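**Q** need coordinates for the below:
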Amino acid sequence: ASLGYCWPFQGSQTEVLIRLPAQIQPTAITVQHTSKIASPLGTVNSAPQDFTPDLLPCALSSKGLDEESKDETLLGAFTYAVQKEQTQTFRLQNGVPRAFRVLKLVIQSNWGKPGYTCIYQVRVYGAIVGTNAMGQPRV
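**A** Model (predicted):
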């Protein structure tokens with residue numbers, strides 16, 4: 001993660017919707033922030049601290065959310081630890097029964113920066129669920 005190439009959010013709490021490239025039945029999520037060594041001030045207090053990833057049973061279009069249901073699937077509650085490596089993977093404790101296309105990342109706090117929170121990268125791991133060229137389901 002190169003310093004300055006982050007995804008900044010105002011304040012220490014935020015929600016962001018991420019459209020996944022395919023229907024995914026997730027098993028883990030990775031969050032990345034820059035390291036203390038790369039920071040000119042030697043701090044990473046803009047890193048997210050407590051967060052929850054949720055999956056939404058809806059799609060994103062140019063007009064916003066096309067909701068199929070208001071039910072969200074909470075994937076867990078996690079803490080990004082700034083004293084550990086800059087890229088951290090969080091395994092989902094409970095199996096997710098179906099695939100989703102939209103991830104809602106809810107940041108509850110950061111490590112002390114009052115003005116903004118930065119995320120350098122978010123990755124979702126899991127099985128792609130869809131259809132093949134013959135229209136048959138695949139996992």
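
**Q** going forward, measure contacts between C-alpha atoms and count neighbours the same way
**A** Noted.

**Q** how about low-confidence regions in this structure?
**A** Scanning the chain with the threshold set as pLDDT under 70 gives 1-4, 39-42, 58-70, 94, 131-139.

**Q** quick one: the strands in it?
**A** With strands called from DSSP state E, the chain shows them at 7-10, 14-32, 50-56, 58-61, 64-67, 73-74, 78-79, 87-91, 100-107, 116-119, 121-128, 130-131, 137-138.

**Q** can you count the residues close to residue 97?
**A** Residues within reach of residue 97, counting by other Cα atoms under 10 Å, total 9.

**Q** identify the residue nearest it in space, chain neighbours excluded?
**A** Excluding its sequence neighbours, the residue lying closest to residue 97 (Cα to Cα, 6 or more residues apart in numbering) is residue 25, at 7.6 Å.

**Q** before we move on, the earlier item: residue 44: which of the strands of the chain is closest?
**A** strand 116-119 (9.3 Å; Cα to Cα).

**Q** and residue 44, backbone torsions?
**A** As for residue 44, its main-chain torsions (degrees, to the nearest 10) stand at phi -130, psi 40.

**Q** quick one: it from residue 16, how far?
**A** To residue 16, residue 44 is 21 Å away according to Cα to Cα, to the nearest Å.

**Q** with residue 48 instead?
**A** From residue 48 to residue 16 the distance is 13 Å (Cα to Cα).

**Q** who's more crowded, the two?
**A** Just comparing residue 48 and residue 16: by other Cα under 10 Å the higher neighbour count belongs to residue 48, 28 against 12.
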